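Novice: just coords:
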(Lines give C-alpha, C1' and ligand atoms only; values in the text may rest on other atoms or scores of the structure.)
Protein backbone atom coordinates (compact mmCIF):
# COMPACT_ATOMS: atom_id res chain seq x y z
CA UNK A 1 0.00 0.00 0.00
CA UNK A 2 1.42 3.35 -0.94
CA UNK A 3 1.31 6.45 1.19
CA UNK A 4 -1.20 7.97 -1.18
CA UNK A 5 -3.59 4.99 -0.76
CA UNK A 6 -3.39 5.13 3.06
CA UNK A 7 -4.24 8.85 2.99
CA UNK A 8 -7.42 8.05 1.05
CA UNK A 9 -8.82 6.02 3.98
CA UNK A 10 -10.67 7.76 6.80
CA UNK A 11 -9.83 7.24 10.48
CA UNK A 12 -12.33 4.40 10.98
CA UNK A 13 -11.10 2.50 7.92
CA UNK A 14 -7.54 2.69 9.23
CA UNK A 15 -8.38 1.78 12.85
CA UNK A 16 -11.51 -0.40 12.81
CA UNK A 17 -9.66 -3.49 14.02
CA UNK A 18 -9.23 -2.09 17.53
CA UNK A 19 -11.98 0.58 17.52
CA UNK A 20 -14.92 -1.82 17.15
CA UNK A 21 -13.95 -4.16 20.03
CA UNK A 22 -13.01 -1.19 22.23
CA UNK A 23 -16.37 0.45 21.56
CA UNK A 24 -18.25 -2.76 22.36
CA UNK A 25 -16.32 -3.25 25.61
CA UNK A 26 -16.92 0.40 26.54
CA UNK A 27 -20.65 0.11 25.89
CA UNK A 28 -20.85 -3.12 27.90
CA UNK A 29 -18.95 -1.48 30.76
CA UNK A 30 -21.29 1.54 30.77
CA UNK A 31 -24.37 -0.70 30.84
CA UNK A 32 -22.91 -2.80 33.66
CA UNK A 33 -22.13 0.30 35.71
CA UNK A 34 -25.63 1.71 35.13
CA UNK A 35 -27.33 -1.53 36.22
CA UNK A 36 -24.99 -1.86 39.21
CA UNK A 37 -25.69 1.73 40.23
CA UNK A 38 -29.46 1.22 40.05
CA UNK A 39 -29.13 -2.01 42.04
CA UNK A 40 -27.09 -0.24 44.75
CA UNK A 41 -29.59 2.62 45.02
CA UNK A 42 -32.59 0.27 45.27
CA UNK A 43 -30.87 -2.01 47.78
CA UNK A 44 -29.81 0.93 49.96
CA UNK A 45 -33.32 2.37 49.82
CA UNK A 46 -34.87 -0.91 51.00
CA UNK A 47 -32.26 -1.25 53.78
CA UNK A 48 -33.26 2.18 55.09
CA UNK A 49 -36.95 1.34 55.46
CA UNK A 50 -38.55 0.86 58.86
CA UNK A 51 -39.92 -2.58 57.94
CA UNK A 52 -36.46 -3.87 56.97
CA UNK A 53 -34.83 -2.43 60.10
CA UNK A 54 -37.49 -3.90 62.41
CA UNK A 55 -37.32 -7.31 60.73
CA UNK A 56 -33.53 -7.43 61.09
CA UNK A 57 -33.75 -6.38 64.77
CA UNK A 58 -36.30 -9.14 65.41
CA UNK A 59 -34.04 -11.67 63.66
CA UNK A 60 -30.94 -10.58 65.58
CA UNK A 61 -32.74 -10.79 68.94
CA UNK A 62 -34.24 -14.25 68.40
CA UNK A 63 -32.27 -16.98 70.26
CA UNK A 64 -33.26 -19.66 67.72
CA UNK A 65 -31.91 -17.55 64.86
CA UNK A 66 -28.72 -16.85 66.80
CA UNK A 67 -28.26 -20.60 67.38
CA UNK A 68 -28.74 -21.32 63.68
CA UNK A 69 -26.65 -18.48 62.20
CA UNK A 70 -24.42 -17.21 65.01
CA UNK A 71 -23.69 -13.60 65.80
CA UNK A 72 -23.37 -11.08 64.22
CA UNK A 73 -26.03 -11.65 61.57
CA UNK A 74 -25.61 -9.62 58.38
CA UNK A 75 -27.94 -9.02 55.47
CA UNK A 76 -26.68 -9.80 51.97
CA UNK A 77 -27.00 -7.51 48.96
CA UNK A 78 -29.36 -9.52 46.76
CA UNK A 79 -32.58 -8.39 48.42
CA UNK A 80 -35.64 -9.43 46.44
CA UNK A 81 -39.12 -7.97 46.72
CA UNK A 82 -40.62 -4.55 47.27
CA UNK A 83 -41.71 -2.02 49.85
CA UNK A 84 -44.41 0.48 48.99
CA UNK A 85 -45.86 3.23 51.14
CA UNK A 86 -48.52 5.84 50.52
CA UNK A 87 -50.67 8.28 52.43
CA UNK A 88 -54.31 7.27 52.91
CA UNK A 89 -56.53 9.88 54.54
CA UNK A 90 -53.46 11.68 55.88
CA UNK A 91 -51.98 8.51 57.42
CA UNK A 92 -49.00 6.65 56.03
CA UNK A 93 -49.82 3.08 55.03
CA UNK A 94 -47.80 0.47 53.23
CA UNK A 95 -47.05 -3.05 52.15
CA UNK A 96 -43.82 -5.02 52.09
CA UNK A 97 -42.81 -8.39 50.66
CA UNK A 98 -39.09 -9.15 50.95
CA UNK A 99 -36.67 -12.04 50.75
CA UNK A 100 -33.37 -11.09 52.35
CA UNK A 101 -30.27 -13.29 52.27
CA UNK A 102 -28.74 -13.34 55.76
CA UNK A 103 -25.62 -14.96 57.16
CA UNK A 104 -23.65 -15.33 60.32
CA UNK A 105 -20.51 -17.21 61.36
CA UNK A 106 -22.44 -20.50 61.75
CA UNK A 107 -24.57 -20.47 58.60
CA UNK A 108 -26.83 -18.64 56.19
CA UNK A 109 -30.48 -18.42 55.24
CA UNK A 110 -33.30 -16.28 53.92
CA UNK A 111 -35.31 -13.82 55.97
CA UNK A 112 -38.84 -13.80 54.56
CA UNK A 113 -40.89 -10.69 55.34
CA UNK A 114 -44.50 -9.98 54.46
CA UNK A 115 -46.05 -7.03 56.28
CA UNK A 116 -48.68 -4.33 56.13
CA UNK A 117 -48.92 -0.93 57.75
CA UNK A 118 -52.38 0.57 58.13
CA UNK A 119 -51.08 3.65 59.92
CA UNK A 120 -50.38 2.11 63.31
CA UNK A 121 -47.03 0.48 62.53
CA UNK A 122 -45.93 -2.59 60.60
CA UNK A 123 -47.89 -5.79 61.22
CA UNK A 124 -46.01 -8.87 60.07
CA UNK A 125 -48.16 -11.48 58.33
CA UNK A 126 -45.04 -13.54 57.74
CA UNK A 127 -41.65 -13.11 59.40
CA UNK A 128 -39.50 -16.19 59.24
CA UNK A 129 -35.97 -17.43 58.79
CA UNK A 130 -35.34 -20.29 56.40
CA UNK A 131 -32.02 -21.89 57.37
CA UNK A 132 -30.03 -23.08 54.34
CA UNK A 133 -28.09 -25.94 55.95
CA UNK A 134 -31.02 -27.70 57.64
CA UNK A 135 -34.03 -26.51 55.66
CA UNK A 136 -35.61 -25.53 58.99
CA UNK A 137 -38.08 -22.64 59.04
CA UNK A 138 -38.08 -20.51 62.19
CA UNK A 139 -41.24 -18.44 62.67
CA UNK A 140 -40.00 -15.18 64.18
CA UNK A 141 -43.56 -14.06 64.98
CA UNK A 142 -43.78 -16.84 67.57
CA UNK A 143 -41.41 -16.46 70.49
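Specialist: Nice, I can see it. Computed from a predicted structure; not experimentally measured.

Novice: so residue 110 makes contact with residue 99?
Specialist: Yes: under the criterion of Cβ atoms under 8 Å, residue 110 makes contact with residue 99 at 5.5 Å. No exception for glycine: its C-beta is placed from N, CA and C like everyone else's.

Novice: More neighbours: the two, which one.
Specialist: Between residue 110 and residue 99, counting by other Cβ atoms under 10 Å, residue 110 is the more crowded of the two (18 against 14).

Novice: Provide the secondary structure category for the more buried one.
Specialist: strand (DSSP: H, G, I helix; E, B strand; the rest coil).

Novice: and what of residue 99?
Specialist: From three-state DSSP, the assignment for residue 99 is strand.

Novice: Could you report the neighbour count for the residue nearest to it when sequence neighbours are not counted?
Specialist: Spatial nearest neighbour of residue 99, chain neighbours left out: residue 80 (4.5 Å); criterion: Cβ to Cβ, 6 or more residues apart in numbering. By other Cβ under 10 Å, 11 other residues sit near residue 80.

Novice: Next: the one 4 residues further on.
Specialist: By other Cβ under 10 Å, 9 other residues sit near residue 84.

Novice: Per the annotation, how does the protein divide into domains?
Specialist: The chain is divided into the following domains under automatic domain parsing: 3-41, 50-139.

Novice: now these in JSON lines, with mean pLDDT?
Specialist: Below are the domains of the chain laid out as JSON lines (pLDDT from 0 to 100):
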{"stretch": "domain 3-41", "mean pLDDT": "86"}
{"stretch": "domain 50-139", "mean pLDDT": "92"}
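
Novice: quick one on the thing from earlier: please tell me I have it right and the residue nearest to residue 99 contacts residue 98.
Specialist: Yes: using Cβ under 8 Å, residue 80 is in contact with residue 98, at 7.1 Å.

Novice: Deepest in the core, which of the domains of the chain is it.
Specialist: domain 50-139 (a mean of 16; mean count of other Cβ atoms under 10 Å).

Novice: Relative to the whole chain's centre, how far out is that one?
Specialist: Domain 50-139 sits 13 Å away from the centroid of its parent chain (Cα atoms, centre = their mean, to the nearest Å).
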